[in-house]
Structures are given as structure tokens and as C-alpha cells.
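[1] quick one: sequence and predicted model below, then my questions.
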Protein chains: 2
Amino acid sequence: MAKGASISGFPEWLPSERVVEQRVIDTLRRVFELNGFIGIETRAVEQGSSLLKKGETSKEIYLLSRLQEVGQDNDTPVEDRLGLHFDLTVPLSRYVVEHSGDLAFPFKRWQIQKVWRGERPQEGRFREFVQADIDVIGQGDLPDHYEVELPLVMVSALEQLRAFGLPKATVHANNRKLSEGFYRGLGLTDIEGVLREIDKLDKIGADEVAKLLVEGCGASEAQARACLELADLTAANGDELAVKFDALCAKHNIAADSDAYVLARQGLDTLAMIVDEAARIRPGSVIADLKIARGLDYYTGSVYETFLEGASSLGSICSGGRYDNLASQGSRKYPGVGLSIGLSRLVSYMLHTAGAHASRVSPAAVLVAVWNEEDRGQSNRIANDLRARGIAADVAPSAAKLGKQIKYADKLGIPYVWFPAGAAGISDESGADESAHDEVKNIVTGEQCEADSRSWEPDSVVARQTVEVADR
Amino acid sequence: MAKGASISGFPEWLPSERVVEQRVIDTLRRVFELNGFIGIETRAVEQGSSLLKKGETSKEIYLLSRLQEVGQDNDTPVEDRLGLHFDLTVPLSRYVVEHSGDLAFPFKRWQIQKVWRGERPQEGRFREFVQADIDVIGQGDLPDHYEVELPLVMVSALEQLRAFGLPKATVHANNRKLSEGFYRGLGLTDIEGVLREIDKLDKIGADEVAKLLVEGCGASEAQARACLELADLTAANGDELAVKFDALCAKHNIAADSDAYVLARQGLDTLAMIVDEAARIRPGSVIADLKIARGLDYYTGSVYETFLEGASSLGSICSGGRYDNLASQGSRKYPGVGLSIGLSRLVSYMLHTAGAHASRVSPAAVLVAVWNEEDRGQSNRIANDLRARGIAADVAPSAAKLGKQIKYADKLGIPYVWFPAGAAGISDESGADESAHDEVKNIVTGEQCEADSRSWEPDSVVARQTVEVADR
């Protein structure tokens, strides 16, 4: 976050930091589009009724009121008021139902937008941040192969960001049906409650979670410990997963012909398919990790969280799952599966931990000097020649001493300074003086040569504003 | 606006419409960066005190409140509450002051973001829309050549949009000092009032404006008519402007040595410089039009509005001006000049009047068919080969009948359908059947040929998702 940001939780980047964020957004968009996802943007507001429908964050909403109505009693029920969206999944399901007649299903979409959480200010918590989402929504049904493909698209997108210093990402997958079947097999009934407490494992540890399961979810000490055993289970392939899970069921007397086991097995089969299929395409990218619970209550099957190697304190940077009941129209359902990258936190990590930085602040590759204000037209013409050929160019703000103009270029990281021809009698420390030809100087290397604005090309490496990673 | 948008004033585009908006945004960004503008993004919220400081729209603000605080009396003064920004100029001046130590001045920035107006719902008024702004902010002072350059950057950006059906744009410029000097010369003192009424000319006509000037601004009938005469003045070059203006001053007995005339002349000289300089670089792009007043009270010099040929009912699509007093830090001022495109209205015009449309909905150039679900892995590998070479590819949602798969591609506008090799015994109306080789079919032309996913290239015209303009 830019230092001095004056409202806690509303991050704002300095120009050089924004270059990194913009490049991350461009990269994600390119990967999403290469995979055939369609970009949409939804309005920032939704009806309260829509926001309150689902999700544990549904209580952390910013409601809007018109300035003119301040002081008037607002009797409008929250359901009829407007609020800022807190994620991009709820708006997507509303959008899909609203425009279903104009969409082709399954509808694969990407969306990168700000979301807001109406929380109290807290250290390290964003109240405004950018999410980058992909989802696919079916009409009526949705094949489960998307439950493998979407996490893999995210993995390949995150893979592209390794050039900007991001460590290797691994998706940890689980399945709600597997967890629910197991909990029911143990005799537990408050499934949502158990999932909610298990979701806290990384934050508060096993003993605290066991305590909460006993105190709040009606679990015996033994049941609580069994839940923790399940959460401890990980597997790199489907066979390993099935063997470990069946051993656990046998240990806790969950019969293979019970309804609970059948439900769990349904989840297990999907999860096994996911890790095996992912291993075939991109080995090591997706593992089964049965502690993954996800806080949001709209997930009905697969759930995912994504962790970066060596950055576990960051928590999950890309999460999601399958939701079969979020959107419907009459009796027709719109099941979906999707994942969301918490982009602002990711960019913050890249900037402040991974050492990503812009090669320069200005997009311009060239600053055209101005000898005196009367000749500014000449400098503008040179800049326009360059721009017409796709070379970003700026013109010096004033006909100051050349040293000052070069310093301006230097401060913005602009690598080339262009000296227009015919500067009568001007000469200074740069060595530039009256010349019949334009000259261009690389102020990093000191190289200077004659140049024609209609044909000169910058060094291809220097020409582009890029994101680099500091040696650490 | 997408039909069926359920909240009045909050436009939302269908996927194919969003392609056009995204392309417009990409185009503007490219032009802004070619001209050396630096991209920033500011948070969506500002402190009430900052929003209330300036601008006639400052009363049309959405304030935020946390859902948890509904029903509690909110005693917090509006100044200390958070509100959504109503433009990008007020946030920019706050940003510049806040981060002045980290910026190089003059600071040239572009910013494309949503803004919100907390208005009552009204037909045809947006309460959420996208603005595309460029501004340059100086520290202490700001050379006036930027007052020519910025409108010209906008003209060149709008010029690029003509490929998407936009008509020719002309910037109409005026100068507040010119208007103020003339009004004072006439003996008027309520300068802001007069400007506010003159701003309504296009909407309510000269007679109504005259009435308002007499009733509300202390003008005599003759003074009001003189104001209208000034507003009637246009000029394509500086000499014409000076001659016409001086004649008007002579007619109304404004002496050349009066303070009022000196002030007016200062504005006139800048305006003359602007139109002459613009004519040299891009003839016909900027004219002097003395009825341009601009509603916002923070402008102190040049003001601009931009009109499209044959689309006067649209009003100004790109407006701005010079503001010397919007931002300051102690005694240090940050004068600026900038223009803002009302992007949502522009896109609406392009879509619904100019006939701009996406060449296809999906970014994918290829849909890889799936013969049966067991062979999905083969189709995925083909798609990944294509993606690795920058060719956007989708895979059929299910191993449905080939005709259904082709229909899906057709609905998304995907031009190529890829048939993986070795489909045992499958044959249908497409003519595809068991084959030792992959084949690819252009479903628009019907052409079909053998293809290797590691080397095949699509037709370069068909490969890209583009924006086209309907013949009208």
C-alpha cells in the first residue's frame, strides 16, 4: 500500500506500484481470454436483498444513501436499499439470471473489479480491494470437468506471474460432500457449524477448533478429534485419497453402505478425478487437502484454496468452489464453479515481499528536449513522429537548462532524451550543442547518436516499460 | 445499456457490448501512454470534506454506511463520513497532495474509473458511469502550453475511436478570464451566477437565459443581451477572435485600459494561442466558442467542451479546463489542467447509434470438439498447444452431437472448430469422421483442412476479436 494512504483499509498505489498492478491485471486477462473466458463488468451496487441472500460476508456491506437525504429518517428496508458488492460471485449470479436470454451456456466469464467490505477499520484488512474471478455457469446442469479446468486455468495464470516474483502456487482442493458425509457418518448434524470451525484451523490451531466443535456444534471429544483427523488428510492422487479415507471411515465405523458414506464417496470421486486429471496436465499443481472448508455457505461441492510456497502467512490467495444453488429462475437452476484471486493482497505481496517493481514510472521511452519555448512546436512534431510509430514519447515541460530536462527524464525513468536539430549556440554538460541533425542520447549508457524521428528505433529491451524483480 | 438492467441509472453491458467498451478503454489507454501519461487508480471513496469542497455536483454524492450501523443514529458529520467520488479530478488533487513527495512534477496522469452521482433516478441519467481522464498537475506553477496539448491528446484519442463509428470531434474552447473580464466590463459582479446561467444556453435557449440573468444575477436587459452576444462569438483563429472581441468591447464601452479588459485580454491571449497552435498541429480540431461556461466552479482559465459532428443532442462528450486552486499544501499550489471523457455515454452512442459491435462474443478463435468424455484430455491438450502459441481456444462443454458443438461455437462467434484425430466411427452432417489427423474447419466459410495444433495458424483477420461498424 502506498505509504501515507489516509483512509485505513483503502489501499492506493503510487504510480510505479500501479504499473505492477496493471501488468498483473493485463497478464490475468490475457490468460483468461486465451482460455475462452468472456470479460464482463457488473455495476458496483446490488439490491440489499441480493447481497443479504448468501455468504458469511453478507453482514459486511456498505449501504449507500444520497447526501440530500442525510438527516431524514430512512425507513426503506435494507433489502430495498443499494449496497456495494462484497464479491463478484453474487453479482454474476444475478447478471446471469437477468440476462439469461442473451447468453450462451455454459457461460464462461472473467471479471476483474473492485469489491468492498463494510468492516470496522482493522490493521491489515482491506475494505476496498480488487478481485480477479473466473467462473463458468451452466443452465440446468454443469459438467464436472470444469471443476478440474478452472483451478488449472488459475494455476497457469499464477504461473505467468512468477516472472514478477510470485512463488509457486498450489491449489488445495476438498469437497463439501466428502466432509458432510464423513461428519454425518460420525453422527454430527450441524454440518455448517463444523465447516465454519474447521475453516479456522490455520488461524487458531487444532485444540481450539476441537473446543469450539464440542462447545458449539454438539460434538463429543471423540467426534471432534475425528473431524480433525479428516482435516489432517492430504493426498496427491485419487488412489491415495481413497485408501486413506476408507481407513479413516473403518476406524470410525462408518459403514460403506450407509447414506453418509455414499454422499462422502460422491465427493471423494469428484475430488479424486480433480487431483488425477490435474496431475496429468500439470503435475504438483493440485492436491487433495481435507481441511479446506471455505467460509462461504453457498458452496455445495468442490472447494479450493491456493497457497504460495514460502508464503503461508499470506493465507489463500485464490479461493473458490462449486455452487449449485446460488442462482435460479423459477425451477431452473444455474449451477456454477469459480475461483477468485485476491488481487490487491497479491500485488501487495509482490511489491513488498517479492521485490517486483516497474522498470520505469513513465510509459514514455523518449523525452524530447525543448531548446526554447518558441521551438516547442518542433519538439512536438518529433514526439508525434515517434508516437505515430508506436514509440511512447513525452516532451520536456519547459525550456529549462538541459541538465534539468535530463533530470526530469531520469526521475521518470525515461531512458532516451532527444535533442532536436539546430539549437543555436546552446551547449552544456551533456555535450549537446548546435547541430544540423537531431540526436538521441541513452541517458543510462551515455550513448548518443544522430537520429531521424521517422525511422529511429529504440533498443527493444529498453523500449518497453516492464516489471522486474529485484535480486534478493 | 443492456436491456432489462434492473436498477435505473446503473448501466451494465451484455458480453458483446462489453467487448466494445473494453476496446474503447484499451484504445484510450494506448493513446494516453503514447503521450507519456502515467496511469493511476484512486480509491472509490473520499472523505466527505474533500467531496464537499468544490464542484456543483458536490451535492450529488452517495455516502456510505456500514450495514451493522443501520438503525443507529449516525451523528458523524458528513465531512467525516466516506462518500463515493463523483469525478476523478477531486480524487486526483487529493492524491497529488498526499503523495507529492513521491511524484515528479509536472505530473501527467491518465485514469479510467467508475464515478457515481447520488441523484434521484431520472430517465437517461447515469448514476454510475466510467470516466476517462487526463490531467497534468504542476507544483507551484504550470506552463500554459499544456492548455493546448491536453485537448489535442483527447482529439487524437477520439480520432482513434472513429474506426469504431465515432463521428469527428471538435473541441470548443473558452477562457473564464475572458468571460469574467467582459462581464465586469459591463458592470456585472455575480460572475459565477452569470456563468451558471450561460451554461444553460444549449438546453433552454437565449431568451430563457436572458430572463434568468435579469432575475437572478442583477443584470439589466441590455447587460443580459451583451452577455448573450459574447456567448454567440466563435472564431477559428486568434486574429479573428481578437477582432471580434474588441469590436464587442467597443460596442459596449469597455475601455482597453480598464482592469476588466486587461483581465479579459489575458484570457483571450491564452485562448488565441490555443486555437492557433491547435490549427497548426491538427487543423479544425479546436475552435474558440465563447458560450462554453462549464458548470464546475473550480475552473480558473481555459474551459473545454467537445462535440461530435451530427450528434449535438449528445451534448459534450469530453470536457474540462484549467484549475489553479483545487489543490494546495500550505502556501504551495498545485495548478492543473485536464479533460474527462464521459465514457459510458460515448460507448452507449457507439453501440446504439453508430452501430459498433464485436466481431464475436468469445475471445476464442477455436473451439476444440470432444468426441466422447473419455477423450476430453486429448481435446484439452490441443487447446493448450494453441494457447501456448497465443491462439485463444475453448473446448466443447460436452461430448454432445457434433452439430450441437458447432452450434455452441456459432452462438459465441468462434470461427474455427477443431476435430481431434481418431474419432472412431463417428460421422455426422459436418462431414467429419474417423481420421488419422486432426482437422480444423472454418464454420463461416465451410473450409476444412488437416492441421497440427503445434503449427497451424488461423487466418490473421479471423483470429482476432475486433470491433466492427455496421453499414447503415
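    Now that the structure is in, tell me what you want to look at. Quantities reported herein were computed from a predicted structural model and do not represent experimental measurements.

[2] low-confidence stretches in the stretch 351-472 of chain A?
    A:423-434, A:471-472 (pLDDT under 70).

[3] quick check: phi and psi on the residue of it found nearest chain B?
    Closest to chain B within the stretch 351-472 of chain A is residue A:394: 3.1 Å, counting by Cβ to the nearest Cβ. Yep, even glycine has a C-beta here, placed from its N, CA and C like the rest. Per-residue torsions, residue A:394: phi -120, psi 160 (degrees, to the nearest 10).

[4] you'd agree residue A:125 is up against residue A:11?
    No: counting by Cβ atoms under 8 Å, no contact exists between residue A:125 and residue A:11, whose distance comes to 10.7 Å.

[5] residue ranges of the strands in the stretch 301-450 of chain A, please?
    Taking DSSP state E, counting those that start in this stretch, the strands of the stretch 301-450 of chain A run over residues A:302-308, A:318-323, A:328-329, A:332-333, A:336-342, A:356-358, A:366-368, A:393-395, A:416-419, A:439-442, A:448-450.

[6] out of these, which is the most enclosed?
    Of all the strands of the stretch 301-450 of chain A, strand A:366-368 has the most neighbours on average by mean count of other Cβ atoms under 10 Å in any protein chain shown, namely a mean of 28.

[7] reformat the strands of the stretch 301-450 of chain A as a markdown table; add distance to residue A:72.
    A markdown table is the format used below for those (distance: least, Cβ to Cβ, whole Å):
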| stretch | distance to residue A:72 |
| --- | --- |
| strand A:302-308 | 44 |
| strand A:318-323 | 38 |
| strand A:328-329 | 36 |
| strand A:332-333 | 41 |
| strand A:336-342 | 37 |
| strand A:356-358 | 48 |
| strand A:366-368 | 54 |
| strand A:393-395 | 50 |
| strand A:416-419 | 59 |
| strand A:439-442 | 64 |
| strand A:448-450 | 68 |
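
[8] ok so, going back, skipping adjacent residues, who's closest to the residue of the stretch 351-472 of chain A closest to chain B in space?
    Closest residue to residue A:394 apart from its sequence neighbours, by Cβ to Cβ, 6 or more residues apart in numbering or on different chains: residue B:36 at 3.1 Å.

[9] same question, residue A:241
    Using Cβ to Cβ, 6+ apart and skipping the chain neighbours, the partner closest in space to residue A:241 is residue A:235 (3.8 Å).

[10] mind listing what the one you found touches?
    Counting by Cβ atoms under 8 Å, 6 or more residues apart in numbering or on different chains, residue A:235 makes contact with A:241, A:244, A:275, A:287, A:288.

[11] who has more neighbours out of residue A:125 and residue A:11?
    The residue with more neighbours, out of residue A:125 and residue A:11, is residue A:11; 21 against 12, by other Cβ atoms under 10 Å in any protein chain shown.

[12] roughly how far does the more buried one sit from chain B?
    Applying Cβ to the nearest Cβ, to the nearest Å, the value for residue A:11 to chain B is 7 Å.

[13] before we move on, what SS does that residue have?
    coil (DSSP: H, G, I helix; E, B strand; the rest coil).

[14] give me the contact list for the host helix or strand of residue A:196.
    According to DSSP states H and E, residue A:196 maps onto helix A:191-198. Contact with helix A:191-198 is made by A:56, A:176, A:179-180, A:183-184, A:188, A:209, A:212-213, A:216-217, A:219, A:227, A:231, A:291, A:293-295, A:297, as judged by Cβ under 8 Å, 6+ apart.

[15] ok, of these, which come out buried?
    For these, a burial check counting by 16 or more other Cβ atoms under 10 Å in any protein chain shown picks out A:176, A:179-180, A:183-184, A:188, A:209, A:212-213, A:217, A:219, A:227, A:231, A:291, A:293-294.

[16] what residues does the stretch 301-450 of chain A have near chain B?
    A:361-364, A:367, A:373, A:376-377, A:380, A:383-384, A:387, A:390-395, A:397-398, A:408, A:411-412, A:414 (Cβ under 8 Å from any Cβ of the partner chain).

[17] just the buried ones among the contacts of helix A:191-198: which has the poorest pLDDT?
    Ranked by pLDDT, the buried ones among the contacts of helix A:191-198 bottom out at residue A:294 (82).

[18] thought residue A:233 was touching residue A:246?
    No: the criterion here is Cβ under 8 Å, and residue A:233 misses it with residue A:246 at 11.1 Å.

[19] okay, now the unreliable bits of chain A?
    Along chain A, segments meeting pLDDT under 70 span A:1-5, A:54-58, A:73, A:295-296, A:423-434, A:471-472.

[20] how about stretch A:218-229: buried residues?
    For stretch A:218-229, a neighbour-count test (16+ other Cβ under 10 Å) marks A:219, A:223, A:224, A:226, A:227, A:228 as buried.
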